[in-house]
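Student: sequence first, then the predicted structure, then my questions.
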Amino acid sequence: MWGQFSWPEFVQILPNYLVVGMTALLIYMTVFQIKAARGDANRRAAFDYFIRETNNDEFRELREKVFRVVNSNKNSGDMLKQLPNDNPDMVAVRKYLNRQEAFAAGVLNGGLCEEYSKNLIGSRFVQDWKFFEPYVCEARSISGNDNTYGYFCELARKWSKEGVS
């Protein structure tokens, strides 16, 4: 049986092998397309996020307010000592940092495309962290929670190591 080649048998079983081979190829192509679509979706999500943020009047006003505070304070860690917690400027700073934290969580958890995000706002993000790091350290010591703004910290440090400044 195994030693002899028979054309009629070969022609009879060839369609079965072709079906199995084509099925395997289609499964591979489907998996490849799903992976590509996931990457495209992450890039689209990042793009949509940035478009919403840039076109959002509330965010623009918040950013302007925060940077007025930033420009009037040389060290962000001193802001916690100088301004009361319910001060509108401090509320704006916390709101801004919460947005940075949510953005960083989205990037680090794969919801937003990291490469696209880094290219678009990486240097601003890292500069924000460098300014607000003393504030975050002070907030962590006051609250006793070492994870305060942890995603913001992690992503900014990662991008700094990668040469974003």
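Tutor: That came through fine. Remember, it's a predicted structure, so these values are computed and weren't measured experimentally.
Student: pLDDT below threshold where in the protein?
Tutor: 1-3, 54 (pLDDT under 70).
Student: ok, now with 80
Tutor: 1-5, 35-47, 49-55, 70, 73-85, 165 (pLDDT under 80).
Student: which residues of it fall in helices?
Tutor: 7-55, 57-72, 76-82, 88-108, 114-143, 150-161 (DSSP state H).
Student: can you put the ones you listed in JSON lines and add mean neighbour count?
Tutor: (C-beta placed from N, C-alpha, C; glycine too.) Putting those into JSON lines (neighbours: other C-beta atoms under 10 Å) gives the following:
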{"stretch": "helix 7-55", "mean neighbour count": "11"}
{"stretch": "helix 57-72", "mean neighbour count": "14"}
{"stretch": "helix 76-82", "mean neighbour count": "16"}
{"stretch": "helix 88-108", "mean neighbour count": "18"}
{"stretch": "helix 114-143", "mean neighbour count": "17"}
{"stretch": "helix 150-161", "mean neighbour count": "18"}
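Student: okay, which residue is most central for this structure?
Tutor: Centroid check for the chain by C-alpha atoms, centre = their mean gives residue 107 as the closest residue, at 1.0 Å.
Student: so residue 75 sits right up against residue 134, yeah?
Tutor: Yes. Contact status for residue 75 versus residue 134: in contact at 5.6 Å, counting by C-beta atoms under 8 Å.
Student: mutual contacts of these two, please.
Tutor: Counting by C-beta atoms under 8 Å, 6 or more residues apart in numbering, residue 75 and residue 134 have no common neighbour.
Student: OK, contacts around residue 157?
Tutor: Counting by C-beta under 8 Å, 6+ apart, residue 157 has contacts residue 129.
Student: rerun at 10 Å
Tutor: Residue 157 makes contact with 126, 129, 133, according to C-beta atoms under 10 Å, 6 or more residues apart in numbering.
Student: how much space separates it from residue 19?
Tutor: 53 Å (C-beta to C-beta, to the nearest Å).
Student: quick one on the thing from earlier: give the contact list for the residue nearest to the centre of the chain.
Tutor: 42, 46, 49, 113-118, 125, 151, 154-155, 158-159 are the contacts of residue 107 under C-beta under 10 Å, 6+ apart.
Student: which one of the residues you listed is nearest residue 102?
Tutor: Nearest to residue 102 out of the contacts of residue 107 is residue 151 (C-beta to C-beta; 8.1 Å).
Student: that'll do, ta.
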